[in-house]
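> here are the coordinates; sequence isn't available:
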């Protein structure tokens, strides 16, 4: 997915996010929480529409 490198993947895993289905359910609240946890690239997940990307990828299974 655009915007998720190995380091961000590790961060997501650390907070319990492992699947496209989990990312697909992210809302603004979760995006904000992620920004506060990572402190890097604020707003990137929302700008890159990780939830939308994940929905597409999850449906390709």
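Received, thanks. In this text, all values refer to a predicted model and were calculated from it rather than measured experimentally.

> so where's the protein uncertain?
For the chain, the stretches with pLDDT under 70 are 61.

> just the strands in it please.
In the chain, no segments count as strands under DSSP state E.

> where do the helices sit along it?
Under the criterion DSSP state H, the chain contains helices at 6-14, 20-24, 28-38, 44-47, 50-59.

> just put these in CSV and tack on mean neighbour count.
C-beta here means a position set from N, CA and C on the backbone, and glycine is covered the same way. Listed next are the helices of the chain as CSV, based on neighbours: other Cβ atoms under 10 Å:
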stretch, mean neighbour count
helix 6-14, 12
helix 20-24, 17
helix 28-38, 14
helix 44-47, 18
helix 50-59, 16
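
> ok, residue 3 touching residue 51?
No: the criterion here is Cβ atoms under 8 Å, and residue 3 misses it with residue 51 at 11.7 Å.

> gap between residue 12 and residue 34?
According to Cβ to Cβ, to the nearest Å, residue 12 stands 8 Å off from residue 34.

> with residue 20 instead?
For residue 20, the distance to residue 34 (Cβ to Cβ) stands at 16 Å.

> could you do residue 40 as well?
10 Å.

> let me see the contact set for residue 54.
Residue 54 makes contacts with 1, 20, 21, 22, 23, 24, 26, as judged by Cβ atoms under 8 Å, 6 or more residues apart in numbering.

> dump these to CSV, plus distance to residue 8.
What follows is the contacts of residue 54, written out as CSV (distance: Cβ to Cβ, whole Å):
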residue, distance to residue 8
1, 9
20, 14
21, 18
22, 14
23, 11
24, 16
26, 13
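
> from these, which is closest to residue 57?
Nearest to residue 57 among the contacts of residue 54: residue 20, at 4.8 Å, using Cβ to Cβ.

> isn't that closest one right up against residue 57?
Yes: shown here, residue 20 and residue 57 form a contact pair, counting by Cβ under 8 Å, at 4.8 Å.

> got the contact list for residue 17?
By Cβ under 8 Å, 6+ apart, the contact list for residue 17 reads residue 23.

> my bad, residue 58
Per Cβ under 8 Å, 6+ apart, neighbours of residue 58: 19, 20, 21, 24.
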